[in-house]
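[1] Structure here, sequence nowhere to be found:
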């Protein structure tokens, strides 16, 4: 696959075109309630705010934050944040000698074949650039500036203004009306896409990408780190989905993973639902990380699994019957439950109950009492599934196109979602069927920045 290098973007392709409808776009988790339900972390394009249960919003507390998850004590959060790095000199200082050499190797692998082509050729064959693209741009500007200007011609100004993104994962504690950093867990060029603190142990799992890999690879990597930063993060598994979960013990991680290498982030893959016992009985990260494969399935990066208190696990997946005609379009996700003790997978709901729901069920979240499921889609439509009856209720008809965030549970029968309305799209708190406007007093720009 060839790449227009002047854009410094990584291109991906999808497989199994007949099932592309299952590859739902990203529904961002912009609001997350603390386990005690007293506060919500609110993520906008500006950073992190806190809101209390009455909707009183704090000032901006963590600029540049783009992911946040609560620890079990409801007093600390694990926050991913980013900031721009404008110069190669600053970037090299942040990376240190070893990682700077890795950047140079990767950047030269991009530059040398491109430099060898005639200056009139804009596309470089068989070169892929991933999320390290900003760092590569800084390197090339520093080391090949004159030739780069010739190669880019009129597009030089665009690359001249590019910056790299520096990401950090931090543990922060609520201190009155402020947040104080307790620990820095990791820093680097790779963004964090999901954060899952253990409900019982002082460790956090998070999903990120490989940094400065010689082979461009944007697949998900699952890591584990102690909350006190006493040890560096440990890689648990590569080629995983983006939404793992802890079992009720807080010591075992559940995730989907593939045995094959899939460089793109939008591919359906054959893999397994696996359990990783990662924390020993003393609360320490296990010395040996060996997985128990629980079930085989086809998954993608947005597939998620949620642990149940009785030891079972709930997940979304499509049931494929192969061979499959390339124009077959009736494939859809279902909810499955696996009982590891009985080595049995079963459907959670009758197929007829799923009819009102979207074909992709990747955007789901189980209620704290495990009696209901919230399902959302990219256009802001929200459904509520009550498992005891079972039945499906349409909570919100959506925005028609984008402009949405993921619905979030505060407690049993109590959840938040975004509703289209004039003059602005507010956040609604629905408790026991009664709706109130959570964001009534929020500045309009905060609501705008939720979906920027």
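    Yes, it's here. As the structure is a computational prediction, the values presented were derived from the model and not from experiment.
[2] Which of the three states applies to the residue nearest to residue 94 when sequence neighbours are not counted?
    What sits nearest to residue 94 in space, not counting adjacent residues and going by C-beta to C-beta, 6 or more residues apart in numbering, is residue 166, at 6.0 Å. Where C-beta positions appear, they are placed from N, C-alpha and C, glycine not excepted. Secondary structure, DSSP: H, G, I helix; E, B strand; the rest coil: residue 166 is strand.
[3] For the stretch 51-200 of the chain, give me the ranges with low pLDDT.
    Within the stretch 51-200 of the chain, the stretches with pLDDT under 70 are 121-131.
[4] any idea where the strands of it begin and end?
    Assigned by DSSP state E, counting those that start in this stretch, the stretch 51-200 of the chain shows strands spanning 62-63, 65-70, 76-85, 123-124, 164-175, 178-188, 192-197.
[5] Relative to residue 150, how far out is the spatially most distant residue from the centre of the chain?
    Going by C-alpha atoms, centre = their mean, the residue of the chain most distant from its centre is residue 118, 40.0 Å out. For residue 118, the distance to residue 150 equals 11 Å [C-beta to C-beta, to the nearest Å].
[6] Now tabulate the strands of the stretch 51-200 of the chain in a markdown table and tack on distance to residue 376 and mean neighbour count.
    Output for the strands of the stretch 51-200 of the chain, formatted as a markdown table (distance: least, C-beta to C-beta, whole Å; neighbours: other C-beta atoms under 10 Å):
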| stretch | distance to residue 376 | mean neighbour count |
| --- | --- | --- |
| strand 62-63 | 25 | 16 |
| strand 65-70 | 18 | 22 |
| strand 76-85 | 21 | 21 |
| strand 123-124 | 38 | 16 |
| strand 164-175 | 26 | 20 |
| strand 178-188 | 28 | 16 |
| strand 192-197 | 16 | 22 |
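[7] on that earlier part again, in this structure the residue nearest to residue 94 contacts residue 83, no?
    Yes: the pair residue 166 and residue 83 qualifies as a contact (C-beta atoms under 8 Å) at a distance of 5.5 Å.
[8] Which residue, other than its chain neighbours, is closest to the most centrally placed residue in the chain?
    In the chain, the C-alpha nearest the mean C-alpha coordinate belongs to residue 193, at 3.1 Å (C-alpha atoms, centre = their mean). If the residues on either side of it in the chain are set aside, residue 193 comes closest to residue 207, at 4.9 Å by C-beta to C-beta, 6+ apart.
[9] coming back round to it: the residue nearest to residue 94: what's it in contact with?
    Counting by C-beta atoms under 8 Å, 6 or more residues apart in numbering, residue 166 makes contact with 82, 83, 84, 85, 91, 94, 187, 188, 189.
[10] element containing the nearest residue to residue 348 once chain neighbours are set aside, please.
    Excluding its sequence neighbours, the residue lying closest to residue 348 (C-beta to C-beta, 6+ apart) is residue 335, at 3.9 Å. Using DSSP states H and E, the element containing residue 335 is strand 333-339.
[11] Buried residues in that strand, which are they?
    333, 334, 335, 336, 337, 338 (16 or more other C-beta atoms under 10 Å).
[12] so how many other residues sit close to the residue nearest to the first one when sequence neighbours are not counted?
    Sequence neighbours aside, residue 361 is the residue nearest to residue 333 in space, at 3.9 Å (criterion: C-beta to C-beta, 6+ apart). The local packing count at residue 361 equals 27, with neighbours defined by other C-beta atoms under 10 Å.
[13] Mind checking what secondary structure residue 361 has?
    With three-state DSSP as the basis, residue 361 sits in coil.
[14] any idea how far it is from residue 370?
    17 Å.
[15] Then residue 445?
    Distance from residue 445 to residue 370, by C-beta to C-beta: 37 Å.
[16] Please apply the same query to residue 391.
    16 Å.
[17] After the helix or strand harbouring the residue nearest to residue 193, heading C-terminal, what element do we hit next?
    For residue 207, the host element (DSSP H and E) is strand 203-208. As assigned by DSSP H and E, the chain's next helix or strand after strand 203-208 is strand 220-226.
[18] Just after that following strand, pick out the following helix or strand.
    Counting by DSSP H and E, what follows strand 220-226 is strand 234-240.
[19] quick one on the thing from earlier: so which of the strands of the stretch 51-200 of the chain gets nearest residue 323?
    strand 192-197 (33.4 Å; C-beta to C-beta).
[20] Provide the strand pairings for the closest one, with the direction of each partner.
    Sheet pairing of strand 192-197 (DSSP bridges) gives strand 203-208 (antiparallel).
[21] got the contact list for the strand it pairs with?
    Contacts of strand 203-208 (C-beta under 8 Å, 6+ apart): 69, 71, 78, 80, 169, 171, 185-186, 190-198, 220-227, 233, 236, 240, 242-244, 246, 253, 278-279, 283, 285.
[22] same thing with stretch 28-36?
    Residues outside stretch 28-36 that contact it (C-beta under 8 Å, 6+ apart): 39-44, 51, 67-70, 72, 74, 199, 405-406, 408-411, 416, 427, 450-451.
[23] if we can go back for a sec, for the residue nearest to residue 348, list the residues it contacts.
    Residue 335 neighbours (C-beta under 8 Å, 6+ apart): 314, 315, 316, 347, 348, 349, 354, 361, 364, 373.
[24] so which of those is the most crowded?
    Of the contacts of residue 335, with other C-beta under 10 Å as the count, residue 315 tops at 29 neighbours.
[25] Which element, helix or strand, includes it?
    Per DSSP H and E, residue 315 falls inside strand 313-318.
[26] again, but for residue 250
    Per DSSP H and E, there is no helix or strand for residue 250.
[27] Could you give the number of residues near it?
    Residue 250 has 18 neighbours, counted by other C-beta under 10 Å.
[28] which residues sit in contact with it?
    Residues in contact with residue 250 (C-beta under 8 Å, 6+ apart) are 198, 199, 200, 201, 279.
[29] Throw the residues you listed into CSV and include neighbour count and distance to residue 161, thanks.
    Converted to CSV, the contacts of residue 250 look like this (neighbours: other C-beta atoms under 10 Å; distance: C-beta to C-beta, whole Å):
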residue, neighbour count, distance to residue 161
198, 23, 42
199, 15, 44
200, 15, 47
201, 21, 45
279, 23, 45
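[30] out of the residues you listed, what pair is the most spread apart?
    199 and 279 (11.6 Å).
[31] returning to what we had before: tell me what the helix or strand following the strand holding residue 335 is packed against?
    Remark: after strand 333-339, the chain's next helix or strand is strand 344-347, criterion DSSP H and E. Packing contacts for strand 344-347, counted by 3 or more C-beta pairs under 8 Å, 6 or more residues apart in numbering; DSSP states H and E, involve strand 333-339.
[32] Determine how far the strand it packs on lies from the middle of the whole chain.
    How far strand 333-339 lies from its chain's middle: 21 Å, per C-alpha atoms, centre = their mean, to the nearest Å.
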